[in-house]
Structure formats: structure tokens, C-alpha cells
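Asker: Sequence isn't available, so here's the structure alone:
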């Protein structure tokens, strides 16, 4: 390869970075396989680095990359078909639609968006295991390296690589189609996609284990995915999920102290909340509510918005928050939602009313292993002056938490209780 | 693509499912060209497991694996992709009480 002027190289790489995921999505459709498309994509980059410095950057770099990638991909299939007879029929088929090359020049935006949606729905197909959906989405849709995904999920690189390879093999061998679901299947399938995005966000925001409380990169990827979905499928819950993520992300700077320990919502310095994210979140929430298709993400965003709107914790409209939890509990029943509702009831009607609800939830046994249920019980007992019970609940919460900063927070609470009695 | 839909369920509840429901569904799949072959099975008590080791055949009573859900029948279908196979599998009457395992068929590598 010729020496490329560093400025030109930087420009080409910037174009590649912004276009590569879209180009990949189209190449998978044209070449019918993830691995072939990835190989073709990197061949297209090599071709761009060779040709653009001589010929200038094309008017439509995306179409150029798709066309070069497709050409390289077909070339590879043809070469391999000489040794592998299973590829012969495919090589033939791809030759037959060679005139397609001309159509690629005017690859329109709708087509590109459709391909991106195909890629997202395929990576989040319910026939794949949930951890595989998350890994594949981060790898293929976001373009994260396998190493970065492994480190974000505290998994060994070979394990993560194998998870991705297996998922791609299942897509190929089980015949998972590269298509956007039919309209009647869309709501259910969109749920799976939104769940993957929210899982990525939460892993970045409330890392489930490890010694750092937040892993901001994953949250940033999830927000990027959320924005892409809003652009591709502007529907109630896609607006709702993005609003929820932005309103939560806005509190990032305030939610941990200098030592990385969590700071409770009521103790957070609200001047640290990112107003720009809050405002964008509130306006997205309005868009979600305007669609009149209100789901669980929109309701959670509406609850987050109530906190965002209160300049001071004392101004929080707990009555409204309890009402929103009531609707959420009937739309998407879960013991965690009930627990959050109980905490909101405690804020509205006092700790005794909240404790009664928390104890009823714990008595059912569903949250027996959930440290926040005991942390909530401990806090309510403390506020009622029932210090022995509070201590016992903090200790149970401590025994169940896997997060180092959370553990330090609980230990400090326990310490404060010892001092006060 | 060809897929096999393996029908599993507990034999008690499966017995209460009218044969006419299954026959009607199989008939509709045949009419649409999706069904290649389908077969319901006798209860698991009639199963015999055969193994050959070092040229010696052993025969034992019962199925290979002791599980609560038993194989009750299978369909070999032709579907465009997994989504269509899932749609077809979700219409098989025992899907409502048991479960259907959808597996792509493999062509022998010869």
C-alpha cells in the first residue's frame, strides 16, 4: 500500500467510522452473511485508503463503500467456490444480479434505514439468548470490539468471542431472517430490542458487579442506540425509553460521591444534574405521551421526570409518583415496581405505611435475594427509630450485594446507626 | 429451509387434547404446502431404547432421558426462514399445553 498523507488518512478514517455500521448493515443484506459482510467491509476500507488519495473522496462515500464491499465480497465467494462446492450456487446467484451495482449508486436513505433496522432486529431476535443479543448488538450495530464488550461485562475475551461466534452461527444455521418484522409482530419484537438497549444502559449505569459503580461508555452506547431507534421507528415506547435513559443519565454526576459511593436521590446536589439532558428527556417524554401508546418505559420516564422537575426534594409530588407506579404496576407487574411504589408511599404517607408494604412484599419471598429490598426496609426502620430491626436489615442487604461501592455505602449507614444508639 | 418441530408435553394433559384439532392443523399445513411429514407417537411407556457397543446390541425399556415432558410427535416442515417456522410451530395445538422445539434440518455432508 502507498504511503497515505496523514491528513487524508484521518479524513478517510473519520468517514469510515461514521459510515461503517450503515455500510455493514447493507452488505449483510447483499452478501447474505455476517462474516462475509465484515470481511468485505474491511476490504472496502483498504480499497478506499488506496484509491481515495489518488482519485479524491467520492461524492457519496457510503455508496462507494457498499459497492466496493459488495464487489470484494462477491470476488471472495467466487474464489472460494472453486474449492467449496456449497458456495457455487451462491456465486452464480450473485453473478446473476450483477446489474444491481448500478442501483447501489442511488442507495437512498430509506433503504439504508431499512437495512439498519434489519440488523437491529436480527441481532435482538428472541431465538437468541439474551446475553448473546446484547453482545451481538454492541458488536454489529455499535461496532464495539469484542475486547471492549468483554471488559464492559467483566467477561473473559474468549468467552465473549465465543458467544458472538455462536450467535452468528445460529443466525446462519437456524435461518433467522434478515428482515424487519411484519407490522402485526412489530410490537412484541420491538419490546425485545428495547429490552436489549435498556440492559446495556443499566449495565453502564448500575454495573451489576465490580468495583466501579458506573461504566459510562455502555450508557453512552445505549443512548446512541436509543437515538437511532427514535430516528428509525418513532413510536411511543422508543421515545419513552430514550426519555427514561436521558433523565436517568442527567443525574450521573450527582449520584456518586468523591469515593464512588452511591448518593440517595433525596441527598443529591441537584445543581449537578445535567439540565440539557433533562430538557431533552422531558420533551421526548411529551412526544411519547402524545402518541397515546403509553408503555412501561414511558411510565418510568414520567416518574423520572417528576424528580427532574423538583428543584428541591421537598417539592417532589409524591402523590403523582405513587399514581404513576400504580399504572406501571398494572401495565408491567413486578415485585421491584411494587418495592419502588412502597418507597414512594412512604414518602407520601410516612415510613410506617411504606414499611407495611415492604414487609408484605418480602413475606411473599420473591425479593428474598434482592439487596435493595432490605436496604429499603432498613431505611424505613431507621426513620421509625426501630434501630435493631434497621441494623438487621442493613446486614442482610450487605450479605446480598456484590458491588463494592454499594457495600461501603451500606457499611457507613450501619456505622451511623451504631453511633446514634 | 426444512425444520423439524418436536412436540413435547406431559402425557396426562396431552391426552385431553382432541385428535381432531391436530388432524385439522396438519391438514391446513398440508394444503398450504408447508407440511412434508408429520407423526404423532404412542405414549412413552411403549418406548424402547437401543444401543450398540463393541458390536453388541443392548435393548432397554423406556426412553433415553427421564423427563416430565415427553416427545409426543413431530412435524417435518418447509418454511422460508425461522420466523415462518416459529409461526407454524405456534399453531400446533399442543404448543398451548406443552412446548415445541424447532430445529433446522441438517443435510448430510457427503
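Answerer: Noted; the coordinates are in hand. Owing to the predicted nature of the structure, the values given are computational and were not obtained by experimental measurement.

Asker: Residue B:71 - that's part of a helix, no?
Answerer: No: assignment of residue B:71 by DSSP: H, G, I helix; E, B strand; the rest coil gives strand, placing it outside any helix.

Asker: Looks like it contacts residue B:8 (just checking).
Answerer: Yes: the pair residue B:71 / residue B:8 is scored as a contact, 5.9 Å apart, by CB atoms under 8 Å. All C-beta spots, glycine's among them, are computed from the backbone N, C-alpha and C.

Asker: Residue B:47: how many residues sit nearby?
Answerer: The local packing of residue B:47 (other CB atoms under 10 Å in any protein chain shown) involves 15 other residues.

Asker: Apart from its chain neighbours, what residue comes closest to it?
Answerer: Distances taken as CB to CB, 6 or more residues apart in numbering or on different chains put residue B:63 closest to residue B:47, at 4.5 Å, once the chain neighbours are dropped.

Asker: can you list contacts of stretch A:78-97?
Answerer: A:31, A:32, A:74, A:77 (CB atoms under 8 Å, 6 or more residues apart in numbering or on different chains).

Asker: State the pLDDT value of the last one.
Answerer: Residue-level confidence at residue A:77 comes out at 88, pLDDT.

Asker: show me the contacts for it.
Answerer: A:31, A:36, A:87, A:90, A:91, A:94.

Asker: Go ahead and build a PyMOL selection from the buried members of the residues you listed.
Answerer: Typed into PyMOL, the line below selects the buried ones among these, using 16 or more other CB atoms under 10 Å in any protein chain shown:
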select buried, chain A and resi 31+36+87+90+91+94
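
Asker: Can you tell me which member of the contacts of residue A:77 has the lowest pLDDT score?
Answerer: The member of the contacts of residue A:77 with the lowest pLDDT is residue A:94, at 71.

Asker: check which helix or strand covers the closest residue to chain B within the stretch 151-300 of chain A.
Answerer: For the stretch 151-300 of chain A and chain B, the shortest gap (CB to the nearest CB) falls at residue A:177, measuring 3.8 Å. Element membership for residue A:177 (DSSP states H and E) is empty, with no helix or strand holding it.

Asker: buried set for the one helix or strand residue A:75 maps to?
Answerer: Using DSSP H and E, residue A:75 falls within helix A:61-81. Residues A:61-74, A:76-78, A:81 are the ones in helix A:61-81 that count as buried (16+ other CB under 10 Å).

Asker: again with stretch A:130-143
Answerer: Neighbour count says stretch A:130-143 has A:132, A:133, A:134, A:135, A:136, A:137, A:138, A:139, A:140, A:141, A:142 buried, by 16+ other CB under 10 Å.

Asker: contacting residues around that stretch?
Answerer: A:20-21, A:24, A:34, A:116, A:119-120, A:123-125, A:128, A:144-146, A:149, A:152-153, A:160, A:163-164, A:166-168, A:170, A:192, A:195-197, A:199-200, A:203, A:221, A:224-225, A:228.

Asker: I'd like to know which of the buried residues of stretch A:130-143 is nearest to residue A:351.
Answerer: Of all the buried residues of stretch A:130-143, residue A:351 sits closest to residue A:134, with 37.8 Å by CB to CB.

Asker: how about the longest helix along chain A: buried residues?
Answerer: Counting by DSSP state H, the longest helix found in chain A is helix A:6-31. Neighbour counts over helix A:6-31 (16+ other CB under 10 Å) mark A:12, A:15-16, A:19-31 as buried.

Asker: how near is the closest residue to residue A:357 other than its chain neighbours to chain B?
Answerer: Using CB to CB, 6+ apart and skipping residues adjacent in sequence, the residue nearest residue A:357 is residue A:342, 3.6 Å away. Look at residue A:342 and chain B: by CB to the nearest CB, to the nearest Å, they are 36 Å apart.

Asker: How about the helix or strand where residue A:342 lies, which residues are buried there?
Answerer: Here residue A:342, judged by DSSP H and E, is contained in helix A:335-349. Using 16+ other CB under 10 Å as the test for burial, helix A:335-349 gives A:335, A:337-348.

Asker: What of stretch B:12-29?
Answerer: B:14, B:17, B:22, B:25, B:26, B:29.

Asker: Also stretch A:120-132?
Answerer: Quick answer for stretch A:120-132 (16+ other CB under 10 Å): A:120, A:121, A:122, A:123, A:124, A:125, A:127, A:128, A:132.

Asker: Enumerate the residues of chain A near chain B.
Answerer: Residues of chain A lying near chain B by CB under 8 Å from any CB of the partner chain: A:125, A:127, A:173, A:174, A:175, A:176, A:177, A:179, A:181, A:185.

Asker: Quick check: the fifth one touching residue B:85?
Answerer: Right, the one you point to is residue A:175. Yes: contact criterion CB under 8 Å: residue A:175 and residue B:85 qualify, at 7.4 Å.

Asker: where are the low-confidence patches of the stretch 251-400 of chain A?
Answerer: Low-confidence segments of the stretch 251-400 of chain A (pLDDT under 70): none present.

Asker: Find the closest residue to chain B in it.
Answerer: For the stretch 251-400 of chain A, CB to the nearest CB, closest residue to chain B: residue A:333, 22.5 Å.

Asker: Determine the number of other residues adjacent to that residue.
Answerer: Applying other CB under 10 Å, I find that residue A:333 has 9 neighbouring residues.

Asker: Now do the same for it: helix, strand or coil?
Answerer: coil.

Asker: Can you list phi and psi of it for me?
Answerer: Backbone torsions of residue A:333, given as degrees, to the nearest 10, read phi -60, psi 130.

Asker: mind checking how far it is from residue A:296?
Answerer: Per CB to CB, to the nearest Å, residue A:333 is found 10 Å from residue A:296.

Asker: how far away is residue A:79 from residue B:30?
Answerer: Residue A:79 is 43 Å from residue B:30, by CB to CB.

Asker: Give me the contacts around the longest helix seen in chain B.
Answerer: Using DSSP H, we find that the single longest helix of chain B is helix B:19-31. For helix B:19-31, the surrounding residues in contact (CB under 8 Å, 6+ apart) are B:35, B:38, B:40, B:73, B:75, B:77, B:88, B:91, B:92, B:93, B:94.

Asker: Check the burial of residue A:327 by counting its neighbours.
Answerer: Counted with other CB under 10 Å, residue A:327 comes out at 14.

Asker: who's in contact with residue 6?
Answerer: This is for chain A. So residue A:6 contacts nothing (CB under 8 Å, 6+ apart).

Asker: Can you look at chain B instead?
Answerer: B:71, B:74, B:100, B:101, B:103.

Asker: If you count neighbours, what's buried in the helix or strand where it lies?
Answerer: If you go by DSSP H and E, residue B:6 is part of strand B:2-9. By 16+ other CB under 10 Å, the buried positions in strand B:2-9 come out as B:3, B:4, B:5, B:7, B:8, B:9.

Asker: picking up where we left off before, in terms of neighbours, single out the busier of residue A:175 and residue B:85.
Answerer: Neighbour totals were compared for residue A:175 and residue B:85, and residue B:85 leads with 27 against 19 (other CB under 10 Å).
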